[in-house]
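**Q** Generate coordinates for the sequence data below:
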Amino acid sequence: MTKHETPQDKNYVTFEGKDYDIESLTEEQQYLVHQMKILQEEYLELQAALDRSKVGLEAFSTMFRNNLLAEQQSKEESKEESEKGA
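**A** Presented below is the predicted three-dimensional model:
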């Protein structure tokens with residue numbers, strides 16, 4: 001469903017490949033179109049939030065992995081130094 005202006009400057013909505021003049025729709029149909037528009041906007045906002053969450057999760061996972069590797073390397077270096085000194 002998309003909403004667009006025609007050359008006659010009337011509001012139309014495209015649903016399943018067919019254009020509908022919003023003003024010619026019943027009050028209930030206009031209400032349903034309005035609800036679908038709101039839900040499309042919410043869907044896009046939620047999709048964007050999901051994308052941000054995914055990127056954030058990947059970033060924190062990478063930071064945790066790097067932290068674990070740095071800790072492991074530090075332990076290995078300390079072990080090597082203690083073995084050289086012994």
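**Q** any idea how far the residue nearest the centre of the chain is from Phe60?
**A** In the chain, the residue lying closest to the centroid (CA atoms, centre = their mean) is Ala48, at 2.4 Å. Taking CB to CB, to the nearest Å as the measure, Ala48 falls 19 Å from Phe60. The way it works is simple: take the backbone N, C-alpha and C, and place the C-beta from them, glycine included.
**Q** count of neighbours near Asn11?
**A** Asn11 has 15 neighbours, counted by other CB atoms under 10 Å.
**Q** Distance of it relative to Gly17?
**A** Taken as CB to CB, the span from Asn11 to Gly17 is 18 Å.
**Q** Equivalent analysis for Lys84, please.
**A** 76 Å.
**Q** try Ser61
**A** According to CB to CB, Ser61 stands 43 Å off from Gly17.
**Q** Same question for Gln35.
**A** Distance, Gln35 to Gly17, using CB to CB: 20 Å.
**Q** Tell me which of these two has more neighbours.
**A** Neighbour totals were compared for Gln35 and Gly17, and Gln35 leads with 10 against 5 (other CB under 10 Å).
**Q** Now that one: which helix or strand?
**A** Following DSSP states H and E, one finds Gln35 within helix 27-85.
**Q** for that helix, the distance to its chain's centre please.
**A** Mean-position distance between helix 27-85 and its chain equals 11 Å (CA atoms, centre = their mean, to the nearest Å).
**Q** One more: stretch 17-34?
**A** Distance, stretch centre to chain centre, for stretch 17-34: 29 Å (CA atoms, centre = their mean).
**Q** Can you show me the CA trace of that stretch as CSV?
**A** The C-alpha coordinates for stretch 17-34 follow below in CSV (Å, rounded to 0.1, in the frame of the first residue of the first chain):
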residue,chain,number,x,y,z
GLY,A,17,-1.4,-3.0,-7.6
LYS,A,18,-4.6,-0.9,-7.9
ASP,A,19,-5.0,2.8,-7.2
TYR,A,20,-7.9,4.0,-5.1
ASP,A,21,-9.1,7.6,-4.6
ILE,A,22,-9.0,8.0,-0.8
GLU,A,23,-11.9,10.5,-0.9
SER,A,24,-14.1,8.0,-2.7
LEU,A,25,-13.5,5.3,0.0
THR,A,26,-16.0,4.8,2.8
GLU,A,27,-15.2,6.1,6.2
GLU,A,28,-14.3,2.6,7.4
GLN,A,29,-12.1,2.0,4.4
GLN,A,30,-10.3,5.4,5.0
TYR,A,31,-9.8,4.3,8.6
LEU,A,32,-8.3,1.0,7.6
VAL,A,33,-6.0,2.7,5.1
HIS,A,34,-4.9,5.1,7.9
